[in-house]
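> Quick one, fold the following:
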Amino acid sequence: MRRQTLLRRLLIAGGVILVVAIVVVGPMVLAHVTRPKPTPALASVARETFSVVASASGSLQNANREDVNFSIAGQVLYIYVQANQAVTRGQALAKLNDSNQQAELSFTGASVNAALQALAQARAGGTAAQIAAAYAQVLNAQALFLKAQHDEAATLLLAPESGTILAVNGQVGNSVSAGSTGPLVPGAGNVGSAGNGFFVIGSGSSFVLWAPFSQADDVHLLAGQAGIVTVDALPGVSFPSKLTLIEPSATQVNGVPEYYAESTLTTTDQRLRNGQTAAVNVVIASVKNALSVPTQALFTNASGALQVDVWYLSAPVATTVTAGLVGNQLTQILSGLKQGDQVMLSPVGQPLPSSPAPSPT
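As a prediction, this is how the structure comes out:
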């Protein structure tokens, strides 16, 4: 009897514990079993207006820079200007010692006079051959006199354009070699150079940015494309610019071929300085009101087809698409999707590898 009573009590206690467990734990287990799967991050296919930019970094340089050099060799006697001075076209910049040129000028001038006298005598009583020889002597003397005049004039260095003296790379007493005067142009080994003429003349207020672009971006660069320049020394300030020159040959930068291009700032600021580090974003393509998806939604399948995962009935459906303009954040969709479709931002397939942006088709 006691054993039956004890067994009955144990069964009752076990039943109570089971009931309590079902009441307490059951809803938790049921909730776990029936909990819906979380919805992945999605984005709607929508019509967007966006641009693709090519970016590069470089250094600011004064616009219209020109190396100015003496065209003949000599020793510098005078320098009439200094750095940061404004000059006008034709203004005297410096002078060479012209003692040799003055002596040559006197000698050749006397030779011309002597040749003219000899010609006059030949014409007065000489033969035709003597007259011809005397005339030839006059022409030769005059040619030497003209050269002496040219050499004398070349001892005075004149400003080839109006602008600001950006640099004076010499001093009185220096011996100089014959050089050339002209603008610093791409392809001459002077990209990024401050100029190495005896004088460097340029704009004191207008600036350009020479910066190397990747070969993938270079094929999309065109003169006249708009851009925005930011200068490290002026945070929060931006300057509109236009692409003005594109170097036709590559420059090896750390073993990688890159192409320098010149962006001209269309506004200025008195705080801008030659040599300041800066960056430019050039708009190389854009679309308006184009059917678009976030670029991160795209991937390529095993066959190389471009796809997105469309979220349909709570499941991803791989859908092949045709892309137009590919940007950093958005990609134009030419076919395969319609406005309002939901696409996964973390697709099941492989992410689309980065590639140069194609031109809109």
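> use CA for all of it now, contacts and neighbours both
Will do.
> what stretches of the chain score poorly on pLDDT?
Applying pLDDT under 70 to the chain flags residues 1-37, 185-195, 348-361.
> Show me it divided up by domain.
By the record's domain assignment, the chain is partitioned as 1-35, 40-63+203-361, 68-176 (automatic domain parsing).
> Mind checking those domains for the one nearest to residue 196?
domain 68-176 (7.0 Å; C-alpha to C-alpha).
> Quick check: beta-bridge partners of residue 294?
residue 330 (DSSP bridges).
> residues in contact with residue 262?
208, 209, 210, 211, 243, 244, 245, 246 (C-alpha atoms under 8 Å, 6 or more residues apart in numbering).
> can you rerun that using 6 Å?
Each residue near residue 262 by C-alpha atoms under 6 Å, 6 or more residues apart in numbering is listed here: 209, 210, 243, 244, 245.
> In these, which residue is surrounded by the most others?
The most crowded member of the contacts of residue 262, judged by other C-alpha atoms under 10 Å, is residue 209 (30 neighbours).
> by contact count, what packs against the helix or strand that contains residue 124?
Counting by DSSP states H and E, the element that carries residue 124 is helix 99-125. If contacts are counted by 3 or more C-alpha pairs under 6 Å, 6 or more residues apart in numbering; DSSP states H and E, helix 99-125 sits against helix 128-154.
> The helix it packs on: which residues count as buried?
130-131, 134-135, 137-138, 141-142, 144-145, 148-149, 151-152, 154 (16 or more other C-alpha atoms under 10 Å).
> Mind giving me the packing neighbours of it?
helix 99-125.
> Give me the distance from the helix it packs on to the chain's centre.
Mean C-alpha position of helix 99-125 versus that of the full chain (C-alpha atoms, centre = their mean, to the nearest Å) differs by 59 Å.
> got the domains of the chain as CSV, with distance to residue 196 columns?
Output for these, formatted as CSV (distance: least, C-alpha to C-alpha, whole Å):
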stretch, distance to residue 196
domain 1-35, 75
domain 40-63+203-361, 14
domain 68-176, 7
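> Can you say which of these is nearest to residue 197?
Nearest of the domains of the chain to residue 197, taken as C-alpha to C-alpha: domain 68-176 at 5.2 Å.
> Start and end of the closest one, how far apart?
12 Å (C-alpha to C-alpha, to the nearest Å).
> Centre of the chain to that domain, how far?
With C-alpha atoms, centre = their mean, you get 43 Å for domain 68-176.
> what's the neighbour count on residue 99?
Residue 99, neighbours per other C-alpha under 10 Å, totals 10.
> For residue 176, see how far away it is.
16 Å.
> Next: residue 64.
According to C-alpha to C-alpha, residue 64 stands 24 Å off from residue 176.
> so where do the helices sit in the protein?
Per DSSP state H, the chain carries helices over the ranges 2-34, 99-125, 128-154, 215-218.
> so how far is the shortest one off the chain centroid?
Once both centres are worked out by C-alpha atoms, centre = their mean, helix 215-218 turns out to sit 11 Å from its chain's centre.
> List the buried residues for it?
Across helix 215-218, burial judged by 16+ other C-alpha under 10 Å covers 217, 218.
> what's it packed up against?
Packed against helix 215-218, as judged by 3+ C-alpha pairs under 6 Å, 6+ apart, are no other helices or strands.
> Return the alpha-carbon coordinates of it using PDB.
Extracted C-alpha coordinates of helix 215-218, given in PDB (Å, rounded to 0.1, in the frame of the first residue of the first chain):
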ATOM      1  CA  GLN A 215      45.100  54.100 -68.100                       C
ATOM      2  CA  ALA A 216      41.500  52.900 -67.500                       C
ATOM      3  CA  ASP A 217      40.300  56.400 -66.800                       C
ATOM      4  CA  ASP A 218      42.500  58.100 -69.400                       C
END
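> sorry, back to before: tell me what angle the helix holding residue 124 forms with helix 128-154.
For helix 99-125 against helix 128-154, the angle by axes from the mean of the first three to the mean of the last three C-alpha atoms, to 10 degrees is 160 degrees.
> quick one: buried residues of helix 99-125?
Neighbour counts using 16+ other C-alpha under 10 Å place 101, 104-105, 108-109, 111-112, 115-116, 118-119, 122-123 of helix 99-125 among the buried residues.
> what are the ranges of the strands in the stretch 251-361 of the chain?
Residue ranges of the strands in the stretch 251-361 of the chain, as given by DSSP state E, counting those that start in this stretch, are 251-253, 256-265, 277-294, 299-300, 306-312, 315-320, 322-326, 330-335, 342-344, 350-351.
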